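Novice: Compute the structure for the input listed below.
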Amino acid sequence: MSVRSVVRYGSYPAVMALVLLGVAATPARSYALPWLAGLAASGLLAVALLERRFPFDARWQASDQDFPADVAHAIVNLAVMHAAVLGFVLLRDLADYQGLWWPGDWPYLAQVFLAGLPLDLSLYVMHRLSHRHGLLWRFHSIHHSSRRLYWLNGERRHPLHAALMAGPGLLALGVLGAPAEVVGGWLAILAVHLAFQHANLDYRVGPVRYLLGVAELHRWHHRERFEDAQVNFGEFWLLWDHIFGTFYQPRSPLGPIGIEGDPVPHHYVEQMVYPFKAEA
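Specialist: Prediction:
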């Protein structure tokens, strides 16, 4: 078996297995968040290195005028994600709130995946709404405006829109009483998964693609024609797409990606103000 075949079929399960092992080994609460942040950064680096050597589309390897903005998006949004988890800690301590119910006696990794369910449902629902309503779409269009897909696209989001997408799920977890280190564990897994989901990496996951939002199916969500992009909304699980009828198994060539007319500016600061200036 060639190296390319090993990477094609083994990269996602191998890297994600290492991430899961790292999350399972998360140390005590005071050290949990720095550990999880470092784990997510290591996973992103692994995806970046893999796609440089084994690209899905060689044309997407060339840096374009969006690259500096994409770097800024990644730095800001990963910092916002970390701050959101710290906010969990502060609010819990200030309010001395224990939550309605949380299975704190479950194994840590089981709690992490339980926390992922309301978060993933929140992301799916807000994602679909963002394709239906003008103001939300103006925020979300920044994510869709890239003319290529690669590992950084997973974090190419307006921070306000990222907060809107995750907000309902985070609120539900706060009410339930999920510990911050549990929420942080899921966000670390999700960050690496999103890098894979948008990676310019020639990889396959076989039948698992029907369950997980990997690049094989998610690329079709980024097709240039808006009407063609109303599929495969799931961030991590595709369960919601199956339930709500938005699952799509590709039957045609991918074609160009991005947004018709290329309306979104290419510089980070301009992208931050674009949703407030664009016409409905």
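Novice: use CA for all of it now, contacts and neighbours both
Specialist: Fine.
Novice: Which helix in this protein has the most residues?
Specialist: The helix that spans the most residues within the chain, counting by DSSP state H, is helix 67-95.
Novice: Tell me the helix or strand right after it.
Specialist: Using DSSP states H and E, the helix or strand that follows helix 67-95 in sequence is helix 108-130.
Novice: mind listing what's buried in that following helix?
Specialist: Across helix 108-130, burial judged by 16 or more other Cα atoms under 10 Å covers 108-109, 111-128, 130.
Novice: Ok, stretch 232-252 next?
Specialist: Going by neighbour count (16+ other Cα under 10 Å), the buried part of stretch 232-252 is 232-241, 247-248.
Novice: Check the offset of that stretch from the chain's centre.
Specialist: The chain centroid and the centroid of stretch 232-252 are separated by 15 Å under Cα atoms, centre = their mean, to the nearest Å.
Novice: From start to finish, how long is that stretch in a straight line?
Specialist: Length of stretch 232-252, first residue to last, Cα to Cα, to the nearest Å: 15 Å.
Novice: next one: stretch 214-227
Specialist: Length of stretch 214-227, first residue to last, Cα to Cα: 21 Å.
Novice: quick one: average pLDDT of it?
Specialist: Mean per-residue pLDDT for stretch 214-227: 96.
Novice: Just the residues contacting that stretch, thanks.
Specialist: If you take Cα atoms under 8 Å, 6 or more residues apart in numbering as the criterion, stretch 214-227 is touched by 144, 149, 193, 196-199, 203-204, 209, 228-233, 236, 248-250, 254-260.
Novice: how close does H140 sit to H127?
Specialist: Separation of H140 from H127 (Cα to Cα): 8 Å.
Novice: which residues of this protein score low on pLDDT?
Specialist: 88-89, 92-93, 95-97, 278-280 (pLDDT under 70).
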